[in-house]
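A.B. asks: Got a predicted structure plus its sequence, pasted below:
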Amino acid sequence: MLGQIWQRILNLWRLLQRHFRKGAPPPPKPTPIRTFGEYEQKFMALLEGVGEGWSRGTIQGFLIGSNIKDAEWENWLQEFGERLLVSPETHLELGGRMSRLGEMNCGRISEVAGKIGRQLLAGESLKRKDGDGSLVVNEEIVISIPIFIVQYSFLWVLSVFSVF
């Protein structure tokens, strides 16, 4: 009789162990590999929101919802900024939005975006890399700016004197 009680206690113990035993933890989800275009699409959506006047909380919510780590954003943004700064085109609107994002103080991402935006607005995109990697100023653009200013000033002076 004592043996049967002991067997029932052991069986109950095993049953409880099986019931409450924790299974092996699921393997961590692999980090999805994103393309440059996917990052760019999300970043442009973010800048669109900044242009619409998103608050700091909305921006941070967007960044959290994008499921992209800060380090990934930062690495991509630095590469994106290098491409913009080397480009012969001016990106004033993009630079303005990136500067506004930088003013929102939403972490390292906004710091990097703000720095790139200020460089774009300052006209550092007028520089391009030569074949050997050295920076060369695009003289065509630099020379045409003062000529435009002189022509505009001359026309303004003529319009002022034509009133009298």
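C.D. replies: Cool, got the structure.
A.B. asks: C-alpha from now on. contacts and neighbour counts both.
C.D. replies: Noted.
A.B. asks: On the pLDDT front, check Ser110 for me.
C.D. replies: Ser110 carries a pLDDT value of 93.
A.B. asks: and it, how far is that from Gln4?
C.D. replies: Here the distance between Ser110 and Gln4 works out to 71 Å (CA to CA, to the nearest Å).
A.B. asks: show me the contacts for Leu10.
C.D. replies: The contact partners of Leu10, taken as CA atoms under 8 Å, 6 or more residues apart in numbering, number zero.
A.B. asks: again, only this time at 10 Å
C.D. replies: For Leu10, the residues meeting the contact criterion (CA atoms under 10 Å, 6 or more residues apart in numbering) are Gln4, Leu16.
A.B. asks: Now do the helices in this protein.
C.D. replies: 2-20, 36-52, 56-65, 70-86, 92-103, 108-121, 139-163 (DSSP state H).
A.B. asks: could you dump those to a markdown table with distance to Pro28?
C.D. replies: As requested, the helices of the chain are exported to a markdown table (distance: least, CA to CA, whole Å):
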| stretch | distance to Pro28 |
| --- | --- |
| helix 2-20 | 22 |
| helix 36-52 | 23 |
| helix 56-65 | 19 |
| helix 70-86 | 18 |
| helix 92-103 | 33 |
| helix 108-121 | 26 |
| helix 139-163 | 52 |
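A.B. asks: Return the member of those helices having the minimum mean pLDDT.
C.D. replies: helix 139-163 (a mean of 40).
A.B. asks: before we move on, back to that, which one of the helices of the chain lies closest to Pro26?
C.D. replies: For these, the distance to Pro26 is smallest for helix 2-20, at 16.7 Å, taking CA to CA.
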